[in-house]
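Asks: sequence unknown, structure follows:
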């Protein structure tokens, strides 16, 4: 965080006049991994920054660092915690094992849209289920993608058997285990690395929501899509605690007014819109699209997905997180409530 004085304030100071009553402008550095031209950057994060600037009458300015320019995708949360960034927006799953309870929201069947997923995740945090995972920062709002499916360069995936031997990018370890249960060979990498990895033949396909295919230009490289909603990627926009405490009470009030469910739902609405646009892009390109409805009840897909859910909750219990099933049940309850709210 840096404090800058405008030219008029500087001139006033030079003239020896009092400036104690004039509020200095505060610039906060915000790091994230989405491309600058992406809808997520422009319509969620930059929109949030613009709102903060407007409501503070220009006293708060957010300097945006997209595409991992201030911190790499898997280091953004730590960058916000230790002050390299004042604010960071990232996927919790990029830091493996760091947010196990939060990642329960990634499990299949918890959310069917990004708006619902964001509501579920924010509700779990607001109700105190996830407090222990964010003690080193000040979360602003949480959000999710819509359900992620499977997209390949040249393989028409209709059943899990079609995934045998395919190297499929996975976003997190949770999604990776699901893919492994289906017979794929999961390869971990952040979203910004997908395009070049596919060009070089490192992976045969990927798990991604439709939004990501558009935002990271992946529709240019794949031809087959299987809509089997087996995970939801979760995100947090969070602030360095010292940076927050260094703000004036008026500035803190602006940040507080733009935190929580209001912006979680706004982010979800943007992701849902981008999902529609990403799928339409594939349709317009003449790609093959397979739809698997209700995969948790589908005879081909049910077993690997149900096994993945049970394995993940058991792993958390083995780590000493005895509340994991309670959080899972809370997520399902929030899913029903959030789905009802959407009407």
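Replies: Yep, that arrived. Keep in mind the model is a prediction, meaning the values are calculated, not measured.
Asks: residues of the longest helix seen in the chain that come out buried?
Replies: Counting by DSSP state H, the longest helix found in the chain is helix 261-284. Buried residues in helix 261-284, counting neighbours by 16 or more other CB atoms under 10 Å, are found at 261, 263-275, 278-279, 281-282. C-betas here are computed from N, CA, C, even on glycine.
Asks: same check on stretch 311-319?
Replies: 312-313, 315-316.
Asks: cool, and stretch 72-90?
Replies: Neighbour count says stretch 72-90 has 72-81, 84-90 buried, by 16+ other CB under 10 Å.
Asks: distance between the ends of that stretch?
Replies: 10 Å (CA to CA, to the nearest Å).
Asks: let me see the mean pLDDT of that stretch.
Replies: The pLDDT scores in stretch 72-90 average 98.
Asks: again, but for stretch 102-115
Replies: Averaging pLDDT along stretch 102-115 yields 98.
Asks: chain center to that stretch: distance?
Replies: 12 Å (CA atoms, centre = their mean, to the nearest Å).
Asks: start and end of that stretch, how far apart?
Replies: Using CA to CA, the end-to-end distance of stretch 102-115 comes out at 16 Å.
Asks: residue numbering should commence at 19 henceforth.
Replies: Sure, I'll start counting at 19 from here, so that last one is stretch 120-133.
Asks: buried ones in it?
Replies: Those would be 120-133, for stretch 120-133 by 16+ other CB under 10 Å.
Asks: the helix or strand bottoming out on mean pLDDT in the chain: what's the following helix or strand?
Replies: Across the helices and strands of the chain, mean pLDDT, DSSP states H and E gives its lowest value to helix 25-32, namely a mean of 39. Where DSSP states H and E defines the elements, the next helix or strand beyond helix 25-32 is strand 43-49.
Asks: what mean pLDDT does the helix or strand that that following strand is followed by have?
Replies: Moving toward the C-terminus from strand 43-49, the next helix or strand (DSSP H and E) is helix 57-58. If you average the pLDDT over helix 57-58, you get 96.
Asks: centre of the chain versus helix 57-58, how much separation?
Replies: Averaging C-alpha positions (CA atoms, centre = their mean) puts helix 57-58 11 Å from its chain's average.
Asks: then stretch 330-350?
Replies: The answer for stretch 330-350 is 21 Å, by CA atoms, centre = their mean.
Asks: touching that stretch from outside, list them.
Replies: When contacts are defined by CB atoms under 8 Å, 6 or more residues apart in numbering, stretch 330-350 is touched by residues 118-119, 122-123, 125, 127-128, 138, 142, 145, 147-148, 192, 195.
Asks: what about the buried residues of stretch 120-133, which are in helices?
Replies: 132-133.
Asks: tell me which of the buried residues of stretch 120-133 fall in strands.
Replies: Using DSSP state E, no member of the buried residues of stretch 120-133 falls within strands.
Asks: quick one, the host helix or strand of residue 272 and helix 279-302 angle?
Replies: Assigned by DSSP H and E, residue 272 belongs to helix 267-275. On the basis of axes from the mean of the first three to the mean of the last three CA atoms, to 10 degrees, helix 267-275 is oriented at 50 degrees to helix 279-302.
Asks: same for helix 267-275, what does it pack against?
Replies: Helix 267-275 sits against helix 64-73, strand 78-83, with contacts defined as 3 or more CB pairs under 8 Å, 6 or more residues apart in numbering; DSSP states H and E.
Asks: between the ones you listed, which one is nearest to residue 255?
Replies: Closest approach to residue 255 among the helices and strands packed on helix 267-275 (CB to CB): helix 64-73, 7.4 Å.
Asks: now the angle between helix 279-302 and the closest one, please.
Replies: Using the same axes, to 10 degrees: helix 64-73 against helix 279-302 is 140 degrees.
Asks: report the buried residues of helix 64-73.
Replies: Within helix 64-73, the residues that count as buried by 16+ other CB under 10 Å are 64, 66-67, 69-71, 73.
Asks: with stretch 148-160 instead?
Replies: 148, 151-152, 155-160.
Asks: dump those residues to CSV, plus secondary structure and pLDDT.
Replies: Formatted as CSV, these follow (DSSP: H, G, I helix; E, B strand; the rest coil; pLDDT from 0 to 100):
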residue, secondary structure, pLDDT
148, coil, 98
151, helix, 98
152, helix, 98
155, coil, 98
156, strand, 98
157, strand, 98
158, strand, 99
159, strand, 99
160, strand, 98
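Asks: go through those and name the one nearest residue 263.
Replies: residue 156 (8.9 Å).
Asks: which ones are touching the closest one?
Replies: Contacts for residue 156 (CB under 8 Å, 6+ apart) come out as 256-259, 262.
Asks: having no further points to raise, I will conclude here.
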